[in-house]
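Colleague: the following comprises the amino acid sequence and a computationally predicted model.
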Amino acid sequence: MEKKFPVAIIGGGPVGLAAAAHLVERKEDFILFESGNQVGTSFLQYGNVRLFSPWEYNINSAAKILLEQQHIPLPDKDLLPLGKEIVTEYLQPLATLPEMKESIHYNSQVINISRKGFDKVRTNGRDNAPFVITVKENGSIQNYEARAVIDATGTWENPNSIVNGIDEQKEAPISYGLPDILHEERHKYENKHVAVVGSGHSAINTLLDLAELKRSAPETNITWIIRKENITSALGGGTLDQLPARGELGIRLSTYLQKELINVYTETYISSYEVNTQKKTLLNGVRKGQNIKIENIDEIIANTGAHPNFDFLRNIRFTFDSTLESVKDLATLIDPNIHSCGTVRPHGEKELRQPEKDFYIIGAKSYGRAPTFLMATGYEQARSVTAFLCGDIEAAKRVELKLPETGVCSVTPPNSTKFPIQIENNCCSDNTC
């Protein structure tokens, strides 16, 4: 390529902005496309939730340098931020820095990526052609050219269905993510029968809020539906977790479980659901090989994870693992069928490399459907990939991150001896509630 094209970044979340900060640090041009009207829009959707990782792990090293150069105060590294504080105290100040703001395009949805003058099949000379990024920007279609593309779009906007492969009915009372149960959406859940589907940290946060709600609204009925064989595997490492707030989530939830404030269905797969004229939902499922029904549900909160969107990548060459939909070479590192640990060793450009030269998927999207991802992991990915794109091969190979251990490898979670491994629900003899 004779002309010096910028590096294109897709996604204005923490990892996308981290990649931009590293490029600024190396005096490389970039252009960033964010589909929302500001940075960090996904974090604002759970702005009321306190993260379990302190600021120390949530601020990228290159971004920190840029902020300090402009004398912008940084939060205490040991404090735990709310989701909205990630935006207001970190991402927005970073995005408005002089070195950053002119290269960030808002309300800009990337709808296609290709190689200029090449279809997906043609190979000869392909690596020397610039990328063409087609963007729907403020209602019009624009094309931009770039020498490399970093996809940091995440997965938050693509939640998984509670029923495999089936889109939810419009009339179904299903909410996704982390609703504000104790404040703005309290009326929706108090004294109702609420089913929580999923077993990750989002589900635990949701259950803790519902249990707190039940203290002042005692008719609130909580049902927890998980596919895991037992509760203990969902509770985490407790006091052995090197992120204390993460370990504390499982400890707190185990207290409510011991008090039998939550009806639990383990090893349960939802096969279908029906909504009657009274807006009550019936869940049909399979539990330990037997058909079951869970009746009279008012609200369902789906904390079932998310999956990546590959639609705009159809005209370039990329691969992903068929099981996790992660970057292919990451699959053996993060597959929960293989690893009991929640901790994944740091990795970089080599593992993230795609068949299309100078195209990378980083951040949560690189993990596909895998359940656990830390921002610090994405920051290390961004550092390594941008170093490689700038010709610093040695820096790209280095590992500059030590992740906190989850404490769940071959460890029995706290208080597990105080309630059965399999917690049965308190339902009627016909397996309905």
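Modeller: Yep, that arrived. Numbering: from 1, shown residues only.
Colleague: and the pLDDT for the closest residue to Asp241 other than its chain neighbours?
Modeller: Leaving aside its sequence neighbours, Asp241 sits nearest to Gly247 (C-beta to C-beta, 6 or more residues apart in numbering; 3.1 Å). Where C-beta positions appear, they are placed from N, C-alpha and C, glycine not excepted. Each residue has a pLDDT score; the one for Gly247 is 80.
Colleague: do Leu374 as well
Modeller: pLDDT, Leu374: 85.
Colleague: can you point out the buried residues in stretch 95-115?
Modeller: 95, 97, 99-100, 103-106, 108, 110, 112-115 (16 or more other C-beta atoms under 10 Å).
Colleague: tell me the mean pLDDT for that stretch?
Modeller: Taken as a whole, stretch 95-115 has a mean pLDDT of 97.
Colleague: so where is the stretch 201-350 of the chain shaky, pLDDT-wise?
Modeller: 339-345 (pLDDT under 70).
Colleague: the strands in it, which residues?
Modeller: In the stretch 201-350 of the chain, strands defined by DSSP state E, counting those that start in this stretch lie at 221-225, 263-265, 268-275, 281-287, 290-297, 299-302, listed in chain order.
Colleague: export those strands to JSON lines and tack on distance to Asp358?
Modeller: Shown next, in JSON lines, are the strands of the stretch 201-350 of the chain (distance: least, C-beta to C-beta, whole Å):
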{"stretch": "strand 221-225", "distance to Asp358": "43"}
{"stretch": "strand 263-265", "distance to Asp358": "47"}
{"stretch": "strand 268-275", "distance to Asp358": "41"}
{"stretch": "strand 281-287", "distance to Asp358": "46"}
{"stretch": "strand 290-297", "distance to Asp358": "49"}
{"stretch": "strand 299-302", "distance to Asp358": "37"}
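Colleague: now render the ones you listed as JSON lines, adding mean neighbour count and distance to Ala8.
Modeller: Below are those laid out as JSON lines (neighbours: other C-beta atoms under 10 Å; distance: least, C-beta to C-beta, whole Å):
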{"stretch": "strand 221-225", "mean neighbour count": "23", "distance to Ala8": "41"}
{"stretch": "strand 263-265", "mean neighbour count": "22", "distance to Ala8": "45"}
{"stretch": "strand 268-275", "mean neighbour count": "17", "distance to Ala8": "40"}
{"stretch": "strand 281-287", "mean neighbour count": "18", "distance to Ala8": "43"}
{"stretch": "strand 290-297", "mean neighbour count": "16", "distance to Ala8": "45"}
{"stretch": "strand 299-302", "mean neighbour count": "23", "distance to Ala8": "33"}
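Colleague: that older thread, distance of the residue nearest to Asp241 from Gly238?
Modeller: Shown here: Gly247 relative to Gly238, a distance of 5 Å by C-beta to C-beta, to the nearest Å.
Colleague: list the beta-bridge partners for Tyr360.
Modeller: With DSSP bridges as the criterion, Tyr360 is bridged to Ile150, Arg353.
Colleague: that one: neighbour count?
Modeller: By the criterion of other C-beta atoms under 10 Å, Tyr360 has 27 neighbours.
Colleague: same check, this time on Ala370
Modeller: 23.
Colleague: again, but for Lys136
Modeller: 16.
Colleague: A strand includes it, no?
Modeller: Yes: assessed with DSSP: H, G, I helix; E, B strand; the rest coil, Lys136 lies in a strand.
Colleague: how about it, nearest residue that isn't a chain neighbour?
Modeller: Using C-beta to C-beta, 6+ apart, the closest residue to Lys136 is Gln109 (4.6 Å).
Colleague: my read: the one you found touches Thr134, true?
Modeller: No: contact criterion C-beta atoms under 8 Å: Gln109 and Thr134 do not qualify, at 9.8 Å.
Colleague: give me the common contacts of the two.
Modeller: Jointly contacting Gln109 and Thr134 under the rule C-beta atoms under 8 Å, 6 or more residues apart in numbering is no residue at all.
Colleague: circling back to that earlier point, out of the strands of the stretch 201-350 of the chain, which gets nearest to Lys192?
Modeller: Judged by C-beta to C-beta, the one of the strands of the stretch 201-350 of the chain that comes nearest to Lys192 is strand 299-302, at 5.6 Å.
Colleague: can you give the contact residues for that closest one?
Modeller: Applying C-beta under 8 Å, 6+ apart, the contact partners of strand 299-302 are 159-162, 172-176, 179, 188-189, 192-198, 206, 281, 283.
Colleague: of those residues, buried ones?
Modeller: Counted by 16+ other C-beta under 10 Å, these give 159-162, 173-176, 179, 189, 192-198, 206, 281, 283 as buried.
Colleague: which of the residues you listed fall within helices?
Modeller: Among the buried ones among the contacts of strand 299-302, the ones falling in helices (DSSP state H) are 189, 206.
Colleague: need the helices for the stretch 101-250 of the chain, in chain order.
Modeller: Counting by DSSP state H, counting those that start in this stretch, the stretch 101-250 of the chain has helices at residues 186-189, 201-216, 244-258.
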